[in-house]
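Undergrad: Here is my input, please return the structure:
(chains A and B)
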Amino acid sequence: MIVELGHFALIVAFAVAIVQTVVPLIGAWKGWSGWMAVASPAATAQVALVAFSFAALTYAFVMSDFSLRLVVLNSHTDKPMLYKISGVWGNHEGSLLLWVLILALFGAAAAWFGGQLPATLRARVLGVQASVGVAFYAFILFTSNPFIRLETPPFNGEDLNPLLQDPGLAFHPPFLYLGYVGLSMAFSFAVAALIEGRVDAAWGRWVRPWTLAAWLFLTIGIGLGSWWAYYELGWGGFWFWDPVENASFMPWLIAAALLHSAIVVEKREALKAWTILLAILAFGFSLVGTFIVRSGVLTSVHAFANDPERGVFILMILGFFTGGALLLYALRAPVMQAKGVFGVVSRESALVVNNLLLAVSCFVVFIGTIWPLVADLLFDRTLSVGPPFFDAAFTPFVIALAALLPVGAILPWKRGRGRVLRNLLPALLLALAVAGLVWAMQTGRSLGGPLGAGLGVWLVAGAIVDLALRTGRGRWSDRLGRVTRLPGADWGKALAHGGLGVTIFGVAALTAWEQEEIAVLDIGDRLTIGRYEVVLNDVTRVQGPNYFATRADLTAWEDGAEIGHLYPEKRVYPVAQMPTTEAGIDSGVARDVYAVIGDAQTGGGWTVRVYIKPFANWIWGGSIIMALGGLVSLSDRRYRVAAGARRKMPQGVPAE
Amino acid sequence: MRILAPALSLLMALPAHAVEPGEELDDPALEARARALSQDLRCLVCRNESIDESTAELARELRVLVRERLTAGDTDAEVIDYLVARYGEYVLLEPTKGGANVILWIAPLVLLLLGGAVAGVAITRQRGHVDTLDAEEEARLKALLDEGPRS
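TA: So this is what the prediction gives:
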């Protein structure tokens, strides 16, 4: 019964979304305030209905209601409760329900917190947001309904894919979706502004918090996914340039560009048309990502249930929203005249370069991702585009971006002089010194390590210089006091830029200096890898709630001192008939010791692999700092205080 | 899961790092070349893994094959040609630079140059742009001027 109510609530939400699309848009067009006022309660009703629907599906998973097809396919009574709940979105249908829930949540948030928006803009934003909802409700109800019953329910389910039975599933997809779907707000604001024919500083200020929120969620989601892959897939890879990873990375890049260009709109009323275009593209790439994940046209480790019919449906959604918005853009963009004029050397120009690099790098990822498809369709060639291409094509953009970032960050608005850049000299010298030191210290001839270290120091030191400059002049003690009182936006900027430096360093260090050793070990045998030694103490059979495991007990030593035990496992999930590896990791600031147990050998002993992963945690540490920067920037009180301050046209004084 | 199972079982056959101790060559230089080559070769039955990462049976066979060719004295290029002849260019994770793939490889540079040109023109042009009055403002200005100085 509850399931039927959930199904019904979803259908009603579909109807409400249609009303919320049509009525406020007409109201805003005709200037009927009554019709415009429909948007807010409709948005609230939508979120309540979808939340109920989602709760009903969760209930079915928790109670193991095997009359529901989706529960049978993705659950099992022995599955731990955490995975019964997170299993709700560990599949195509359920994850789409989560998607629309978040979409409705963002729409409602815009309704609740959008009080200072002009009535027409607010009605249009909510209307456009609801129209995206309409498409996705239709997609769920007509092609991917999670509430389908079975006539003859089986006694038990088929269990969730064991790789997904991990706490990562509880957090990674929801954050990712908060990011993907959050970009729909930027899209709605962009389309609403195009309909209004008006983009000004106030618009930039309204759209930025939503983009910032989406970007920071996306950062966390991608970081979590990368960390999950690192410890779960068994060889400690953290990024594979897999089509689905790229699908999340492309909107992240565009969202990062959008964040920066929206600042220019807000502060200087320039780059308006470009910012609108980015807002459309950011959500467009979110939809491209959805298409890639769910259509199965590209092979990927993440692929959900693949079904051509669904692929075509998503392609239609993608075509309608992106194509429609771009058409509207082509018609209306010329109206967006820039007010602010800026010199060639200025913060604005630096942000244009930032946008150029981010946007082009995004298109590079895009081309690499879809090239196998293009080559197959147009040139009849079946080929692969793997990490070697992306590494070669993408890395130069990261280097250029990182090299220019501290410079752009401290250039003044409007018209800059080179003089201000002298402040960066200490940071530059420090970065060069560190890069040189690392070059001299490392054993190999890798260029990546010193480069990454140098860029990392450059970004972090540059962020510190930026903060120091913001405190103005005066005695150091005064400035130190002032730095704590700087607005959230300044701190957020410094944190996000510094975090990027930390991540770049982590990636470069791990790539350049990773060590690996494989051996067949009997109980008591020892494996040496650099300064580290690992001894196999024991191998036992362990039974988990829904799996069997072979667990090794290893002792790890660093320079002859014991650093602890590692317990890598090899699990077999009998219901799903799938094995997984659970790495044993000793995490540290400067390195992870990462051990994996393999098969028992016929001649006795077990295959044991040990990796030394230098600075691995810095990759995710940097991502967390970046996200934190977004959060701090979001907390800036100026968003709340002056959010509604749209500059009024000076009224002509009646002359008499 | 019923729909997923075939695909997933291929993909997740044995998700562990691959190279088995027995496969390794004695000559460290040859082994290093084998590892480097393996990382750029796709495991054909897997979803998106190199044969260096995959533990699928086919990946193992390919790893052994690569090592056999190297031991027989093949250069890296010859090993790759041999594999492409047998399995097609799908096996290469790094796409070739021939034929239509030229588009792929020069795309980053072309896009950057195009984008840079557009951005450059936009920056220089907006500097010359002087705020002009629109029709409405023009009319208001005219009205104000026509009124003349008040006495």
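Undergrad: for chain A, what helix or strand is lowest in average pLDDT?
TA: The helix or strand of chain A with the lowest confidence, counting by mean pLDDT, DSSP states H and E, is helix A:638-641 at a mean of 62.
Undergrad: Toward the C-terminus, what is the element adjacent to the strand or helix carrying residue A:28?
TA: Assigned by DSSP states H and E, residue A:28 belongs to helix A:2-30. Per DSSP H and E, the first helix or strand lying C-terminal to helix A:2-30 is helix A:33-36.
Undergrad: Give me the mean pLDDT for the helix or strand just after that next one.
TA: Downstream of helix A:33-36, the next assigned helix or strand under DSSP H and E is helix A:39-62. Across helix A:39-62, the average pLDDT comes to 94.
Undergrad: Can you tell me what sits against whichever helix or strand comes after helix A:39-62?
TA: Using DSSP H and E, the helix or strand that follows helix A:39-62 towards the C-terminus is helix A:69-74. Applying C-beta atoms under 8 Å, 6 or more residues apart in numbering or on different chains, the contact partners of helix A:69-74 are A:57, A:60-61, A:64-66, A:87, A:90-91, A:93-94, A:146-150, A:153-154, A:157-160, B:1-3. In this view, the C-beta of every residue, glycine as well, is placed from N, C-alpha and C.
Undergrad: do stretch A:280-292 as well
TA: A:99, A:180-181, A:183-184, A:186-187, A:190-191, A:211, A:214, A:243-244, A:246-248, A:250-251, A:254-255, A:258, A:297-298, A:300, A:311, A:314-315, A:317-318, A:321-322, A:325-326, A:329, A:359, A:362, A:366, A:369.
Undergrad: try stretch A:399-414
TA: Under the contact criterion C-beta under 8 Å, 6+ apart, stretch A:399-414 has outside partners A:267-268, A:340-343, A:345-351, A:353-354, A:357-358, A:361, A:420-421, A:423-424, A:427, A:451, A:455, A:458-459, A:461-463, A:465-466, A:469, A:493, A:497, A:500-501, A:504.
Undergrad: same thing but 7 Å
TA: By C-beta atoms under 7 Å, 6 or more residues apart in numbering or on different chains, the surrounding residues in contact with stretch A:399-414 are A:267-268, A:342-343, A:345-348, A:350-351, A:353-354, A:357, A:420-421, A:423-424, A:427, A:455, A:458-459, A:462, A:465-466, A:469, A:497, A:504.
Undergrad: What separation is there between the residue nearest to residue A:54 when sequence neighbours are not counted and residue A:55?
TA: Leaving aside its chain neighbours, residue A:54 sits nearest to residue A:101 (4.9 Å; criterion: C-beta to C-beta, 6 or more residues apart in numbering or on different chains). Applying C-beta to C-beta, to the nearest Å, the value for residue A:101 to residue A:55 is 10 Å.
Undergrad: same deal with residue B:27?
TA: 62 Å.
Undergrad: Compare these two (neighbour count), which wins?
TA: A count of neighbours by other C-beta atoms under 10 Å in any protein chain shown puts residue A:55 above the other of residue B:27 and residue A:55, at 16 against 12.
Undergrad: Shouldn't residue A:292 be within a helix?
TA: Yes - counting by DSSP: H, G, I helix; E, B strand; the rest coil, residue A:292 falls inside a helix.
Undergrad: what does the model give the closest residue to it other than its chain neighbours for pLDDT?
TA: Once flanking residues are discounted, residue A:292 sits nearest to residue A:247: 4.5 Å by C-beta to C-beta, 6+ apart. According to the prediction, residue A:247 has pLDDT 91.
Undergrad: element containing residue A:247?
TA: Counting by DSSP H and E, the element that carries residue A:247 is helix A:243-268.
Undergrad: Report the buried residues of that helix.
TA: Residues A:243-268 are the ones in helix A:243-268 that count as buried (16 or more other C-beta atoms under 10 Å in any protein chain shown).
Undergrad: Ok, stretch A:522-541 next?
TA: Of the residues in stretch A:522-541, A:527, A:529, A:532-536, A:539 count as buried by neighbour count, 16+ other C-beta under 10 Å.
Undergrad: Which of those residues sits closest to residue A:636?
TA: Within those, the smallest distance to residue A:636 is 45.5 Å, found for residue A:532 (C-beta to C-beta).
Undergrad: Would you check that the closest one makes contact with residue A:559?
TA: No - contact criterion C-beta atoms under 7 Å: residue A:532 and residue A:559 do not qualify, at 8.2 Å.
Undergrad: Check what pLDDT residue 34 gets.
TA: With no chain named, the answer covers chain A. Note for residue A:34: predicted pLDDT of 87.
Undergrad: I was thinking of chain B, sorry if that wasn't clear
TA: 89.
Undergrad: Give me the helices and strands touching the helix or strand harbouring it, please.
TA: Per DSSP H and E, residue B:34 falls inside helix B:28-39. Judged by 3 or more C-beta pairs under 7 Å, 6 or more residues apart in numbering or on different chains; DSSP states H and E, helix B:28-39 is in contact with helix B:57-71, helix B:76-87.
Undergrad: what's next to it, contact-wise?
TA: With C-beta under 7 Å, 6+ apart, helix B:28-39 has contacts from B:24-25, B:50-52, B:63, B:66-67, B:70-71, B:76, B:79.
Undergrad: Pull out the buried residues from it.
TA: The neighbour-count check on helix B:28-39 (16+ other C-beta under 10 Å) flags B:31, B:33-35, B:37-39 as buried.
Undergrad: got it, and stretch A:389-405?
TA: Residues of stretch A:389-405 classed as buried by neighbour count (16+ other C-beta under 10 Å): A:389-390, A:393-394, A:397-398, A:400-402, A:405.
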